[in-house]
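Undergrad: starting from these lines, generate the structure:
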Amino acid sequence: RKCVPLDGRTTKTAQTGRETPLLHMASDFGDETERLVDIVRVRLDQGERIAILFPMNRQVRGFAQGLRNAGLEVETKGEYDFSSDRPKLMTYHAAKGLTFDTVLMPRLVPKSFSRLDRYRIERLLFVGIARATKWVYMSSVQGQELPSLERVRPLAARGLLTIQEGSSAPSLDGKGAGVVGASAEESDLLDLLYVDGSAISTSCWGWIRRSGPIAEGAARGYNYRVVC
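TA: You can find the predicted model right below:
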């Protein structure tokens, strides 16, 4: 195994405490979209680098237009400027090798992954979660949730995942989009979603967390990808 700095596409991220991942189960598509807009605004106000990931390019284009209509400046393929704080919308595949403070993963419904089997779906979710250095937000619609989400729900009972249900979810304030300072780690989600052949094996993930050189580099604000 070896660790190498990311290329010019990398984003520097503040090394702060991780926050408890959030799964929002929206009442309908409108509720999910409105919640996403609110989340983006809150995290931008906190000065974070944001990625919003989708399985399909047409979703990237559609949500980019929707966010712009809501008054948010965002970037899609061909527009990425990694020195800017504008949220980056991209597919899971395009996000490989990148890291962001916050990763948002909306539209976790079967229709979004209709051409993929469970193995490939969970591999994409694994990749998406591993892009976040601080916080992961996932959203689906009640009654339409992706079956793979059932594998992460047990984390809520251990305080390692927050689940919000429907439009009655608490309103957001400056710190309402995540539990600031929580000790949760994305590895809990990654371990549950790990399947043989995923982008990073669980043994390699443990090595990343224990690596002295990576910890030293992280303290200086650098991000890494690991070749296992």
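
Undergrad: longest helix in the chain, please.
TA: helix 29-45 (DSSP state H).

Undergrad: partner strands of the next helix or strand after that helix and their direction?
TA: Per DSSP states H and E, the first helix or strand lying C-terminal to helix 29-45 is strand 50-54. If you go by DSSP bridges, strand 50-54 pairs up with strand 88-91 (parallel), strand 100-105 (parallel).

Undergrad: distance to residue 60 and mean neighbour count added to those strands, as TSV?
TA: Backbone N, C-alpha and C define where each C-beta goes, glycine included. Formatted as TSV, these follow (distance: least, C-beta to C-beta, whole Å; neighbours: other C-beta atoms under 10 Å):
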stretch	distance to residue 60	mean neighbour count
strand 88-91	5	22
strand 100-105	12	26
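
Undergrad: dump the ones you listed to CSV, plus distance to residue 72.
TA: As requested, these are exported to CSV (distance: least, C-beta to C-beta, whole Å):
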stretch, distance to residue 72
strand 88-91, 10
strand 100-105, 12
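
Undergrad: in a markdown table, list those strands along with mean pLDDT.
TA: Shown next, in a markdown table, are the strands paired with strand 50-54 (pLDDT from 0 to 100):
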| stretch | mean pLDDT |
| --- | --- |
| strand 88-91 | 97 |
| strand 100-105 | 97 |
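
Undergrad: secondary structure class for residue 60?
TA: Put simply, residue 60 is helix when judged by DSSP: H, G, I helix; E, B strand; the rest coil.

Undergrad: repeat that for residue 134.
TA: Here residue 134 is recorded as strand under three-state DSSP.

Undergrad: what's the closest of the strands paired with strand 50-54 to residue 62?
TA: Closest approach to residue 62 among those (C-beta to C-beta): strand 88-91, 9.7 Å.
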